[in-house]
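> let's see this in three dimensions:
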Amino acid sequence: MPDFTNYHETDNWIKLHKDLCPATEDKDYCYKNGNIYSIGEFVSFRQVLKSYCEEIRKVLCSRTGADCKRELALFLYRYFLREMKYTSEEALNLTLDFNAHLSCPFDESYVITVTASADKRIESGLPYRYKKETIIKLLEITEEELKDLPFLSTAVKSKKERKAEANRRAYEKRLEAENKQNKEAVILERRAVIFAMRESGATAKEIQEQLHISRATYHLLLRKKDSSGYIQNRPVIFQDAQKCII
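Numbering: from 1, shown residues only. Take a look at the predicted model:
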């Protein structure tokens, strides 16, 4: 046994015996400062890697010409696939498919050569840690390109912008769940109900609780400009809205 008070002896012993540890294929891990931390249910590191691959592929396939960071993108793609526990062969085949969809693809033999170090790094047991900001910088992703990359774009957005975007996505999911295809129609209907309830004497708090909306949403709907003849059609709309609150 090594002297566990000695860092170098301990590190060498771990490297020699790491293959004897129980397999953990069913778990996702995040590496930080050389240590392994289980991420748990609040976030999946595999999902982070999957998002990296999807958006790298998306941005590179949208570019044209040879000078578009192709080699580096292919390396990162193969590397992240290996981190997601794809086998060496699976990761290579998917990387070759990615290359085939580029506007100026490389020869397959060249792709195999320039991305081989991805396998070597994984097999070394010392993975790289790429932040979103690093990927954006390495691939020289522009602000215009980031508009179509929801995951990577969070690296350059303020906390307020990220929160607003998250709220918008949550709202769109609720609309989809309710089978509401027309957003304006939903807003119009909700405004009609609010005004009808106000006419009947309901307080703001009562309206918010019955409609399951926040105070901010309530006041936003009250302030929203009339863009579809809402004011002119108030009597008809009120009549329909009354049915929703009886």
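
> show me the contacts for the residue most central in space within the chain.
Nearest to the mean C-alpha position of the chain, counting by Cα atoms, centre = their mean, stands residue 151 at 3.8 Å. Under the criterion of Cβ atoms under 8 Å, 6 or more residues apart in numbering, the contact list for residue 151 reads 51, 52, 54, 55, 132. For the C-beta atoms, the positions are set from N, CA and C on the backbone; glycine is no exception.

> redo that, cut-off 10 Å
Applying Cβ atoms under 10 Å, 6 or more residues apart in numbering, one finds that residue 151 lies in contact with 47, 48, 50, 51, 52, 54, 55, 132.

> which one of those is nearest residue 64?
Comparing the contacts of residue 151 against residue 64 with Cβ to Cβ places residue 55 closest, at 18.0 Å.

> assign the closest residue to the closest one other than its chain neighbours to helix, strand or coil.
Excluding its sequence neighbours, the residue lying closest to residue 55 (Cβ to Cβ, 6 or more residues apart in numbering) is residue 149, at 4.5 Å. Assigned with DSSP: H, G, I helix; E, B strand; the rest coil, residue 149 falls in the coil class.

> distance of residue 149 relative to residue 192?
Note on residue 149: its distance to residue 192, by Cβ to Cβ, to the nearest Å, is 38 Å.

> what comes up buried for stretch 185-195?
Using 16 or more other Cβ atoms under 10 Å as the test for burial, stretch 185-195 gives 187, 188, 189, 190, 191, 192, 193, 194, 195.

> same check, this time on stretch 76-91
Neighbour counts over stretch 76-91 (16+ other Cβ under 10 Å) mark 76, 77, 78, 79, 80, 81, 82, 83, 84, 86, 91 as buried.

> distance between the ends of it?
Between the opening and closing residues of stretch 76-91 there is a gap of 11 Å (Cα to Cα, to the nearest Å).

> and of the buried residues of stretch 76-91, the nearest to residue 115?
The shortest separation between residue 115 and any of the buried residues of stretch 76-91 is 4.3 Å, and it belongs to residue 78 (by Cβ to Cβ).

> could you break the chain into its assigned domains?
As assigned by automatic domain parsing, the chain contains the domains 45-156, 167-245.

> tell me which of those sits most buried.
domain 45-156 (a mean of 16; mean count of other Cβ atoms under 10 Å).

> how about the contacts of residue 151 in a markdown table, adding distance to residue 173?
Output for those, formatted as a markdown table (distance: Cβ to Cβ, whole Å):
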| residue | distance to residue 173 |
| --- | --- |
| 47 | 17 |
| 48 | 21 |
| 50 | 20 |
| 51 | 18 |
| 52 | 23 |
| 54 | 19 |
| 55 | 21 |
| 132 | 23 |
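
> ok, residue 139 touching residue 76?
Yes. Look at residue 139 against residue 76 with Cβ atoms under 10 Å: they come within range, at 7.9 Å.

> okay, and the common contacts of the two?
Between them, residue 139 and residue 76 share the neighbouring residues 56, 60, 69, with contact defined by Cβ under 10 Å, 6+ apart.

> list the contacts of residue 155.
For residue 155, the set of contacting residues under the criterion of Cβ under 10 Å, 6+ apart consists of 131, 132, 133, 134, 135, 136, 137, 141, 146, 149, 162.

> among these, which pair sits farthest apart?
Spatially, the most separated pair among the contacts of residue 155 is 137 and 162, at 19.6 Å (Cβ to Cβ).

> quick revisit: quick one, phi psi at the residue nearest to residue 55?
Comment: the main-chain dihedrals of residue 149 come out as phi -120, psi 80, following degrees, to the nearest 10.

> quick thing: my sequence starts at 420, can you match it?
OK, 420 is where the count begins now, so the last one is residue 568.

> quick one: residues contacting it.
Under the criterion of Cβ under 10 Å, 6+ apart, the contact partners of residue 568 comprise 470, 473, 474, 475, 477, 478, 551, 554, 555, 560, 574.

> which residues does the fourth one contact?
Neighbouring residues of residue 475 by Cβ under 10 Å, 6+ apart: 488, 491-493, 495-496, 499, 517, 554, 558, 560, 568, 571.
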